[in-house]
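**Student:** I need the structure of the sequence given here:
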Amino acid sequence: MYNSPFTPFGPTYLVGVSAVQVKTSNNGYPTSYRIVNLTSSLIRVAYQPQEPNDATVTPVVTAPSAGVPSFNTLAIPANGVSVIGGLPPNAWFISSSASSAEITPGEGIM
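**Tutor:** Numbers count the residues shown, from 1 in each chain. Below you'll find the predicted structure:
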């Protein structure tokens, strides 16, 4: 992960309850994703890596519970902005709420 300001590598995608692949447009792999929660409630965003054959991938959003972890799922606070590094390049995302997240691939931190 770079210690520079966040630099977009592609367009911003609106993510909701249907899987969306967040791709770069500069032929580079992102080292970070900027995730904006558009709602006034906590949302969860799940991710999965792209398939080698570019098939559609559908991540599963689940909230963790006592003794049951939630894999590949991030909680984004109400009206929050997070920059997350180390996720797979050109990953697929899904949110726990309709039209609730904007996700931009890139590199750097906030």
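**Student:** And the strands in the protein?
**Tutor:** 7-8, 13-15, 20-21, 32-37, 43-48, 73-76, 81-85, 92-95, 101-107 (DSSP state E).
**Student:** Which residues does residue 44 form beta bridges with?
**Tutor:** Beta-bridge pairing of residue 44 under DSSP bridges involves residue 75.
**Student:** Any idea which of the strands of the chain gets closest to residue 67?
**Tutor:** Between residue 67 and those, the shortest gap by CB to CB is with strand 73-76, which sits at 15.8 Å. C-beta coordinates here come from the backbone N, C-alpha and C atoms, glycine included.
**Student:** would you turn the strands of the chain into JSON lines with distance to residue 67, mean neighbour count and mean pLDDT?
**Tutor:** As requested, those are exported to JSON lines (distance: least, CB to CB, whole Å; neighbours: other CB atoms under 10 Å; pLDDT from 0 to 100):
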{"stretch": "strand 7-8", "distance to residue 67": "39", "mean neighbour count": "16", "mean pLDDT": "94"}
{"stretch": "strand 13-15", "distance to residue 67": "29", "mean neighbour count": "19", "mean pLDDT": "98"}
{"stretch": "strand 20-21", "distance to residue 67": "31", "mean neighbour count": "16", "mean pLDDT": "96"}
{"stretch": "strand 32-37", "distance to residue 67": "27", "mean neighbour count": "22", "mean pLDDT": "97"}
{"stretch": "strand 43-48", "distance to residue 67": "18", "mean neighbour count": "22", "mean pLDDT": "98"}
{"stretch": "strand 73-76", "distance to residue 67": "16", "mean neighbour count": "18", "mean pLDDT": "97"}
{"stretch": "strand 81-85", "distance to residue 67": "25", "mean neighbour count": "15", "mean pLDDT": "95"}
{"stretch": "strand 92-95", "distance to residue 67": "24", "mean neighbour count": "24", "mean pLDDT": "98"}
{"stretch": "strand 101-107", "distance to residue 67": "28", "mean neighbour count": "21", "mean pLDDT": "97"}
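**Student:** what about residue 106, distance to residue 19?
**Tutor:** Here residue 106 is placed at a distance of 20 Å from residue 19 (CB to CB, to the nearest Å).
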